[in-house]
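K.L.:
make a model of this:
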Amino acid sequence: SEMCIRDSYIFAGHTNEASPSADFWLVKTDHQGNVEWQRRYGTEEGDICRSVQQTEDEGYILLGSSASSGFLLIKTDYRGNVEWERTFSKGARSEGYCVQQTTDGGYILVGNGDFDDDSNIWLIKTDTYGNKEWEKRIGGGYDSGESVLQTKDGGYIITGATWAYCGQDDFCNLWLVKTDSNGNEEWNK
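P.N.:
Modelled structure (predicted):
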């Protein structure tokens, strides 16, 4: 994940994914790509970062997955120093894919969680400090939530994939889901 910030760039990813000690990796560069600073975060059991966004206070919010605890959400200050971190788990296949700051200063997270032996979209809304306010399961087969944005009406639009509408020999379908501000599904395409 990458983001342009006032004539500079922020990159987030992870160190060697094959390693059991992979970490989130956050790199800040100037406008010419020269590294200004870099930080590593995470647990000791392997972490994969998939999303970064600059926050209103000019810090950063990162989301990914931890092998030991599911979603891993980390908030840093503008220099990359950790302010807080939160984990959210919904079974062994919990994977966080995208985080965005919401208009109320909290965060919306999307990824996958295990529900009754199925992997479905897992949508989580937190407050400013990463405390869970609500969570929603979306889907009913094997589904994946990979990106989320808040819409003008305060709801959320999620993109991902579903296997629910696939024939035996078909590839999965791209999936677009619209929710209200409480994460209740309004429509899907």
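K.L.:
so how far is residue 40 from the residue most central in space within the chain?
P.N.:
The residue lying closest to the centre of the chain (CA atoms, centre = their mean) is residue 98, at 2.6 Å. Noted for residue 98: a distance of 21 Å to residue 40, by CB to CB, to the nearest Å. No exception for glycine: its C-beta is placed from N, CA and C like everyone else's.
K.L.:
likewise for residue 162?
P.N.:
From residue 162 over to residue 40 (counting by CB to CB), the distance is 34 Å.
K.L.:
got it, and residue 121?
P.N.:
Taken as CB to CB, the span from residue 121 to residue 40 is 29 Å.
K.L.:
if we can go back for a sec, of residue 162 and residue 40, which one has the most company?
P.N.:
residue 162 (22 against 15; other CB atoms under 10 Å).
K.L.:
what's near enough to touch the more buried one?
P.N.:
139, 141, 142, 143, 144, 172, 173, 175 (CB atoms under 8 Å, 6 or more residues apart in numbering).
K.L.:
where's the dip in pLDDT among those residues?
P.N.:
The member of those with the lowest pLDDT is residue 172, and it reads 64.
K.L.:
just say helix, strand or coil for the closest residue in space to residue 80 that isn't next to it in sequence.
P.N.:
Of all residues not flanking residue 80 in the chain, residue 39 sits nearest, at 4.0 Å (CB to CB, 6 or more residues apart in numbering). The local conformation at residue 39, judged by DSSP: H, G, I helix; E, B strand; the rest coil, is strand.
K.L.:
how about the contacts made by residue 39?
P.N.:
Per CB under 8 Å, 6+ apart, neighbours of residue 39: 25, 26, 76, 80, 81.
K.L.:
roughly how far apart are the last one and residue 132?
P.N.:
It refers to residue 81. 24 Å.
K.L.:
tell me which of those two has more neighbours.
P.N.:
residue 132 (13 against 9).
K.L.:
so residue 99 is in contact with residue 106, correct?
P.N.:
No. Assessed by CB atoms under 8 Å, residue 99 is found out of contact with residue 106, at 10.6 Å.
K.L.:
neighbour count for those two, which is higher?
P.N.:
Per other CB under 10 Å, whichever of residue 99 and residue 106 has more neighbours is residue 99, with 28 against 16.
K.L.:
any chance you could give me stretch 146-160 in CSV, C-alpha atoms only?
P.N.:
Output of stretch 146-160 as CSV, limited to C-alpha atoms (Å, rounded to 0.1, in the frame of the first residue of the first chain):
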residue,chain,number,x,y,z
GLU,A,146,-10.7,-6.4,0.2
SER,A,147,-11.5,-2.7,0.2
VAL,A,148,-13.8,-0.3,2.0
LEU,A,149,-14.7,3.4,1.8
GLN,A,150,-17.2,5.5,3.7
THR,A,151,-19.9,7.0,1.4
LYS,A,152,-21.4,10.5,1.5
ASP,A,153,-24.5,9.1,3.3
GLY,A,154,-22.3,7.8,6.1
GLY,A,155,-22.6,4.2,5.0
TYR,A,156,-19.9,2.0,3.5
ILE,A,157,-19.0,0.5,0.1
ILE,A,158,-17.1,-2.7,0.1
THR,A,159,-15.4,-4.4,-2.8
GLY,A,160,-14.3,-8.0,-2.7
